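>>> Pasting the sequence and the predicted coordinates here, then a few questions.
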Amino acid sequence: MPDKTLTIIGGGLAGSEAAWQAAKRGIKVRLFEMRPVKGTPAHHTGLLAELVCSNSLRSADVHNAVGLLKEEMRRLGSLVMEAADITRVPAGSALAVDREAFASYITKAIEAEPNIEVVHEEVTDIPDGPVIIATGPLTSDKMAGTIARLTGSEHLHFYDAIAPILDAESIDMTVAFKASRYGKGGDDYINCPMNREEYDAFFDALMAAEKVPARDFESVKCFEGCMPIEVMAERGRETLRHGPMKPVGLDDPRTGRWPYAVVQLRMEDKEGTSYNIVGFQTRLKWPEQARVFRMIPGLAKVEFIRFGSLHRNTFICGPLFLDETLQFRQRPGVFMAGQVSGVEGYVESAAMGGLAGINAARLMRGEAITPPPDTTAHGALITHLTKTEPARFQPTNVIFSLFPPLEKKLRKKEERREAMVERALAAFGIWKSNLS
Ligand SMILES: Cc1cc2nc3c(=O)[nH]c(=O)nc-3n(C[C@H](O)[C@H](O)[C@H](O)COP(=O)(O)OP(=O)(O)OC[C@H]3O[C@@H](n4cnc5c(N)ncnc54)[C@H](O)[C@@H]3O)c2cc1C
């Protein structure tokens, strides 16, 4: 057994899972978590794996990409999933947890694990030896400076304003229509046309909707290009009609004329399975996003793959720096995991932490590291982190459009999802059987 210690920086979702997976493989781990000695703008406790916002780990259905990812994690003996399953609270088809019980369960399990030493201290430099950096979206300033020196500061993004992403199949195409402004660019956009009454009702609902309260770290001056839609609306009733909802150059096939206002949807993936709402970055509360944005004609029954948000998000441009094992290409032995590596979400962060822990353990034991196949949810995230064109790289949740298409074309969405899940779990089983 190696006598070296694995250093893990950050005891959030990714760092805790990484420590667990490495320790279970016989590796001595020193896990640094700066809380409660030094806080972040969003965490409230000194517990490991604290959930900073929602208490939901999203869909529990395995036929949903995040449900599949969770199932793969369970098969790896994930501590985060064990804690979630034990501290689950009723939440329909979602896996939601009692956040205090969840973080306490993980903290106790890690503290009781003889191979893990927890040190409550801020790390400001990358130490020698095998290291996993898992300092999250709210990485401390000094550590962010250290990462910036490794990657170049232009590659360390700080603010992330995101618009909701919608499931294409849930858009009502008897109302919405495909077109580009003035016909330039073919049928690239889906357009949701509004008449005056619909626009007025939407505007009033948007103005009255509940927003996530501003936190200190969020009181930043936004660039004009990433201003939340509701902030822009506050400038006046007409502002949106001259901004993201301008109707010019878009003939509605039902009337042959330009509508009063238009909401445009842009493809998220090549296959067109998901679309984002152009210019609709928002900090409305998630249920309010569902309620207000479903007032848009064509979106009455729309399914949200991801809700919009605006928050600080420190992340590197993974494809420029990371290899498929999550190690820095220029600095072997230094791994990066969790949100700072460029995934989005509690579950995704924990999953990448688990992989980094397994990979670091294998490296320290002199074993070969094989990334999970790209047809699995873990593998699809690795592909996103390492193979996306760098200029287009943005943090993402796990979604089926990150997976390679099925060889066989299937018409029904349920059938496609079932086939994707079957393919993923079969490949994951083979990959896992080769792990020790
Ligand atoms: C405000 C906000 C709200 C969010 N809401 C949601 C949500 O509702 N649902 C969702 O799925 N995702 C949400 N996310 C996104 C993301 O999934 C979570 O932030 C998730 O916790 C990321 O996991 P992580 O392990 O990468 O980071 P974290 O869980 O944040 O863990 C990183 C840890 O590193 C510690 N740390 C930082 N710097 C240092 C240092 N220098 N030395 C030692 N320790 C350090 C921090 O204290 C923290 O405990 C949100 C993010 C933010 C910022």
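Yep, that arrived.
>>> which sections of the stretch 251-400 of the chain are below the confidence cut-off?
Where the stretch 251-400 of the chain drops to pLDDT under 70, the residues are 270.
>>> what number of residues lie near the residue in it that the ligand sits nearest to?
Nearest residue of the stretch 251-400 of the chain to the ligand: Gly338, at 2.5 Å (C-beta to the nearest ligand atom). For every residue, glycine as well, the C-beta is placed using N, CA and C. If you count neighbours by other C-beta atoms under 10 Å, Gly338 ends up with 31.
>>> Secondary structure element for Asn264, which one?
For the record, residue 264 is Gln, not Asn. Using DSSP states H and E, Gln264 maps to strand 261-267.
>>> secondary structure element for Asn359?
Per DSSP H and E: helix 346-364 holds Asn359.
>>> my guess is Phe321 meets Leu156, correct?
No: in this structure Phe321 lies outside contact range of Leu156 using C-beta atoms under 8 Å: 10.6 Å.
>>> More neighbours: which of those two?
Neighbour count, other C-beta under 10 Å: between Phe321 and Leu156, Phe321 has more, with 24 against 19.
>>> re the thing from before, which helix or strand contains the closest residue to the residue of the stretch 251-400 of the chain closest to the ligand other than its chain neighbours?
Leaving aside its chain neighbours, Gly338 sits nearest to Ala14 (2.7 Å; criterion: C-beta to C-beta, 6 or more residues apart in numbering). Following DSSP H and E, one finds Ala14 within helix 13-23.
>>> Skip ahead from that helix and say which helix or strand is next.
strand 28-32.
>>> what packs against that next one?
Other helices and strands packing on strand 28-32, by 3 or more C-beta pairs under 8 Å, 6 or more residues apart in numbering; DSSP states H and E, are strand 5-9, helix 13-23, strand 116-119.
>>> Mind doing that once more with 10 Å?
Contacts defined by 3 or more C-beta pairs under 10 Å, 6 or more residues apart in numbering; DSSP states H and E place strand 28-32 against strand 5-9, helix 13-23, helix 99-112, strand 116-119, strand 131-133, helix 346-364.
>>> Could you pull up the mean pLDDT of that strand?
Across strand 28-32, pLDDT averages out at 98.
>>> So which elements touch the helix or strand following it?
Following strand 28-32 in sequence order, the next helix or strand is strand 56-59 (DSSP H and E). Packed against strand 56-59 by the contact rule (3+ C-beta pairs under 10 Å, 6+ apart) you find helix 65-75, helix 79-86, strand 94-97, helix 346-364.
>>> Just the residues contacting strand 56-59, thanks.
13, 51, 64-70, 80-81, 84-85, 88-89, 91-97, 99, 102, 286, 306, 345-348, 350, 397-398 (C-beta atoms under 10 Å, 6 or more residues apart in numbering).
>>> For the residue in the chain positioned nearest to the ligand, which residues are in contact?
The nearest approach of the chain to the ligand comes at Gly12, 1.7 Å away (C-beta to the nearest ligand atom). Going by C-beta under 10 Å, 6+ apart, Gly12 touches 18, 33, 35, 40, 43, 48-52, 103, 134-138, 337-340, 346, 349-350, 353.
>>> residue ranges for the helices of the stretch 151-300 of the chain, please.
Ranges of helices in the stretch 151-300 of the chain, per DSSP state H, counting those that start in this stretch, are 196-208, 229-233, 239-242, 286-293.
>>> This completes my enquiry, with thanks.
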